[in-house]
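> how would this look folded up:
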Amino acid sequence: MSAVREDDTPSVATLRPMREGDLDAVVAIETRAYPFPWTRGIFRDCLHAGHAMWVLESNGAPVGYGVLNIAAGEAHVLNLCIAPEAEGRGHGRHLLRALLRVARGGGAMRVFLEVRPSNPRAMALYHDEGFNEIGRRPRYYPAPNHGREDAIVMALELLDE
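Below you'll find the model as predicted:
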């Protein structure tokens, strides 16, 4: 997929495949956004494994990214992140919709993801885009003070368009 102009995003944004040269900027966003960020090595391994990885740029600078695994008619959103300073501008919604198009194009019939119960903005976005809670993964995420937080597992059935 080539770069796409994001016309329904309030600020000008483009989406393009992630490259190894993007890893420093992606890790910097990840570190600002999450208390338990993915490492550079995890992103690099995902690139080498051939996962669908996209960078969302606004005014020439990365403001978000998504990592999607597609296999056996299913897709799994492994990571979707918008830089904290760029939140609230529609970037997350647009990036999610783009990942769903990629999933459809890759033959997926359903998409799964996990989300922290402590992330109500993400949960609201996923519900708004048609995802439904299908279960929980107990103690899935690390949490402060050496604790653990459950993951809410969500799924979306992709309908023919």
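> Does residue 135 lie in a helix or a strand, and which?
strand 132-143 (DSSP states H and E).
> Now do that strand: everything it contacts.
36, 114, 116, 148, 149, 150, 151, 152, 153, 154, 155, 156 (Cβ atoms under 8 Å, 6 or more residues apart in numbering). Glycine gets a C-beta too; all of them are placed from N, C-alpha and C.
> Now that we have these, can you turn them into TSV and tack on distance to residue 126 and neighbour count?
Below are the contacts of strand 132-143 laid out as TSV (distance: Cβ to Cβ, whole Å; neighbours: other Cβ atoms under 10 Å):
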residue	distance to residue 126	neighbour count
36	20	10
114	10	17
116	12	16
148	21	11
149	17	18
150	16	17
151	12	18
152	9	21
153	11	17
154	5	22
155	10	17
156	8	21
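> For the nearest residue to residue 59 once chain neighbours are set aside, grab the count of nearby residues.
Once flanking residues are discounted, residue 59 sits nearest to residue 12: 6.8 Å by Cβ to Cβ, 6 or more residues apart in numbering. Per other Cβ atoms under 10 Å, the neighbour tally for residue 12 reads 12.
> Tell me the pLDDT of residue 12.
Looking at residue 12, its pLDDT is 73.
> Same question for residue 159.
80.
> For residue 154, see how far away residue 56 is.
21 Å (Cβ to Cβ, to the nearest Å).
> All the helices of this structure, residue numbers only.
23-33, 40-49, 91-105, 120-128 (DSSP state H).
> Deepest-packed of these, please.
Most buried of these by mean neighbour count (mean count of other Cβ atoms under 10 Å) is helix 91-105; its value is a mean of 20.
> orientation of that one relative to helix 120-128 in degrees?
Angle between the axes of helix 91-105 and helix 120-128 is 40 degrees (criterion: axes from the mean of the first three to the mean of the last three Cα atoms, to 10 degrees).
> Give me the residues contacting helix 91-105.
1, 4, 6, 8-9, 13, 15, 52, 54, 56, 58, 63-66, 68, 70, 75, 77, 80, 82, 111, 122, 125-126, 128-129, 156, 158, 161.
> now those: which count as buried?
6, 9, 13, 15, 52, 54, 56, 58, 63-66, 68, 70, 75, 77, 80, 82, 111, 122, 125-126, 156, 158 (16 or more other Cβ atoms under 10 Å).
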